[in-house]
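**Student:** The sequence and its predicted three-dimensional model are supplied below.
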Amino acid sequence: MNKVGIVSYGSYIPQYRISVEEIAHIWGEDATELKNQLQVPKKSVLGLDEDVVTMAVESARNAVNLWDGEPKLIGAIYVGSESHPYAVKPTATIVSEALPTGKEIMAADLEFACKAGTAGMQMCFGLVKSDMINYGLAIGSDDSQAKPSDPLEYTAGAGSAAILIGSEGIIAELEGTYSVTSDTPDFWRREGATYPSHGQRFTGKPAYFQHSIDATKGIMNQLQTNPSDYDYVVFHQPNTKFPLSVAKMLGFTKEQVELSLVCRHIGNTYSASSMLGLNRILEKASSGERILMTSYGSGAGSDSFSFVVTDKIEKLQSYPFDIEYYIKRTKDIDYGLYTRYKGLLK
Amino acid sequence: MEPPKIWREKRQKYLALGISCKKCGKRSFPLSEYCPYCGTNDVEEYRLAETGKILYFTNVSMTSDEMAFNAPYCLGIIELNDGIKVTGQIIDCDYKDLRKGMEVKMVFRILARDGHEGLIKYGFKFTSM
């Protein structure tokens, strides 16, 4: 069988930030306690002229610019999000024209809460491995939604990650992928509803933790590996506490998970969350190192991936618009501007 | 916003396409079937440089309804690194911080939005580097 893996990657994070203190001040909450619980001091916020499409295009262009190839070679684009600007009219077609790829391309928008982007990665891996396409682009992009005063409002950020998948020029070879799926009503948004609802504490143990643990154990069992075989591990990051906790439950050390925790700087970017964590590791990883990634999407399911970094990674680690660039490019806003930027004023 | 207009302009707006004249060798923006310098129709598409410098700028507060979501905004004439001058919004910055000669790069943003139910128009704008 053909080898398949990641051949390039790109990220995008908007520059605006709002602090937990600023939000807590509005709702009369204890900011210190919230920061201790969530370990997310600030979250990223979209600008007035940004949305899931613009972020997806920026991350996709960063992935293509970093890559030594032509976008016309890309045979599929899948964009995972729960905040596509159109209910009917794909984000993926706009991304395709803005790269630009050729017209002969498979494209679709995906929705599976916070794991729609990694579902796209699996589709691209399958298409490349079966020789149906040469390269596939999977994107997770979200302007995370949260009802004002809901606990989610403190962490629901914005960002996008693009992963280019192929069989030539692999920087991180796929060893395997493994998924678990169940009908779990932990988080949802009905058609026409503006904000998502959730099951409070029910989003934790039977949802995030159970699926993340089952998928991670599943792939390690499939590949006959254990936590000490990995240099880095990435989990979905609804806050910083959850990935640290699930890593500990599974026997990973804090050091293995720490680098992936983009959430500390920008909050929960929903579909982009675990993919941005993976991208941050790809920016630093060395040849021969092993990465385990497990996404989580409410509803619910988890996708696990095991990668081995190749010696081609070094050529793709000196790019000016990497995650560190976007993390450092910040402009703080107050809650008044936040209401305008998020479109809360109707 | 009419769908045919958005459809016709999408490549120019998304990719910042101008033309390069095969006869006189000059480049220009926007897309056209004819060279504005020598009049020939022997032209080919040309993708503009993605970086440049601010030549002139101003602040715009009165806009069409479709751009009101973004107002007030900064508008500038940018001299790209290939010598072509284009007009575009300069975003993610305050008007008071803009300077002539400031280096900018192209980014992909929302240009106009037809209310809550109409089409969204995308294209290039500029941000400081």
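**Tutor:** Yep, that arrived.
**Student:** Doesn't residue A:245 lie inside a strand?
**Tutor:** No: applying DSSP: H, G, I helix; E, B strand; the rest coil, one finds residue A:245 to be helix, outside a strand.
**Student:** Residue A:209 is in contact with that one, correct?
**Tutor:** Yes: look at residue A:245 against residue A:209 with Cβ atoms under 8 Å: they come within range, at 7.5 Å. From N, CA and C alone the C-beta is placed, and that goes for glycine too.
**Student:** Go ahead and flag the most central residue of the chain.
**Tutor:** No chain in the question, so chain A it is. Geometric centre of chain A, nearest residue: residue A:272, 2.2 Å, by Cα atoms, centre = their mean.
**Student:** Wait, chain B was what I had in mind.
**Tutor:** residue B:88 (4.4 Å).
**Student:** Spit out the contact partners of it.
**Tutor:** B:75, B:76, B:78, B:124, B:125, B:126 (Cβ atoms under 8 Å, 6 or more residues apart in numbering or on different chains).
**Student:** Can you identify each of the strands in the stretch 51-200 of chain A by residue range?
**Tutor:** A:74-80, A:106-110, A:135-143, A:158-166, A:172-181, A:187-188, A:197-198 (DSSP state E, counting those that start in this stretch).
**Student:** So what's the residue count around the nearest residue to residue B:95 once chain neighbours are set aside?
**Tutor:** Nearest residue to residue B:95, sequence neighbours excluded (Cβ to Cβ, 6 or more residues apart in numbering or on different chains): residue B:59, at 4.6 Å. For residue B:59, the neighbour count with other Cβ atoms under 10 Å in any protein chain shown is 13.
**Student:** Buried ones in whichever strand or helix holds residue B:59, by neighbour count?
**Tutor:** Element membership of residue B:59 [criterion: DSSP states H and E] is strand B:51-60. By neighbour count on 16 or more other Cβ atoms under 10 Å in any protein chain shown, the buried set for strand B:51-60 is B:52, B:54, B:57.
**Student:** closest to residue A:342 among those residues?
**Tutor:** residue B:57 (27.6 Å; Cβ to Cβ).
**Student:** separation between the residue lying closest to that closest one once chain neighbours are set aside and residue B:6?
**Tutor:** Nearest non-adjacent residue to residue B:57, counting by Cβ to Cβ, 6+ apart: residue B:76, 3.9 Å away. Here the distance between residue B:76 and residue B:6 works out to 24 Å (Cβ to Cβ, to the nearest Å).
**Student:** so what's the residue lying closest to residue A:170 once chain neighbours are set aside up against?
**Tutor:** Closest residue to residue A:170 apart from its sequence neighbours, by Cβ to Cβ, 6+ apart: residue A:5 at 3.7 Å. Applying Cβ under 8 Å, 6+ apart, we find residue A:5 in contact with A:165, A:166, A:167, A:170, A:171, A:172, A:173, A:174, A:307, A:310.
**Student:** can you pull the pLDDT of residue A:5?
**Tutor:** Residue A:5 carries a pLDDT value of 98.
**Student:** and if you look at the one 4 residues further on?
**Tutor:** What the model reports for residue A:9 is a pLDDT of 98.
**Student:** How about the contacts made by the residue lying closest to it once chain neighbours are set aside?
**Tutor:** Once flanking residues are discounted, residue A:9 sits nearest to residue A:279: 4.8 Å by Cβ to Cβ, 6+ apart. By Cβ under 8 Å, 6+ apart, residue A:279 lies in contact with A:9, A:10, A:11, A:161, A:163, A:323.
**Student:** Would you mind naming the helix or strand containing the second one?
**Tutor:** In the assignment (DSSP H and E), residue A:10 maps to strand A:5-12.
**Student:** So which residues of chain B form helices?
**Tutor:** Applying DSSP state H to chain B gives helices spanning B:3-15.
**Student:** Within range of chain A, give me the residues from it.
**Tutor:** Selection of chain B residues close to chain A by Cβ under 8 Å from any Cβ of the partner chain yields B:10-11, B:14-15, B:69-70, B:89, B:91-92, B:107-111, B:120, B:122, B:125.
**Student:** hmm, back to that, make JSON lines from the buried residues of strand B:51-60 and add pLDDT and distance to residue A:332 to it.
**Tutor:** Below are the buried residues of strand B:51-60 laid out as JSON lines (pLDDT from 0 to 100; distance: Cβ to Cβ, whole Å):
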{"residue": "B:52", "pLDDT": "98", "distance to residue A:332": "28"}
{"residue": "B:54", "pLDDT": "98", "distance to residue A:332": "25"}
{"residue": "B:57", "pLDDT": "98", "distance to residue A:332": "24"}
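**Student:** follow-up on the earlier one: neighbour-wise, which of residue B:76 and residue B:6 wins?
**Tutor:** residue B:76 (23 against 18).
**Student:** Which residues are in contact with that one?
**Tutor:** Applying Cβ under 8 Å, 6+ apart, we find residue B:76 in contact with B:54, B:55, B:56, B:57, B:58, B:87, B:88, B:89, B:90, B:98, B:104, B:126.
**Student:** how distant is stretch A:143-160 from the center of its chain?
**Tutor:** 15 Å (Cα atoms, centre = their mean, to the nearest Å).
**Student:** gap between the two ends of it?
**Tutor:** End-to-end distance for stretch A:143-160, by Cα to Cα, to the nearest Å: 9 Å.
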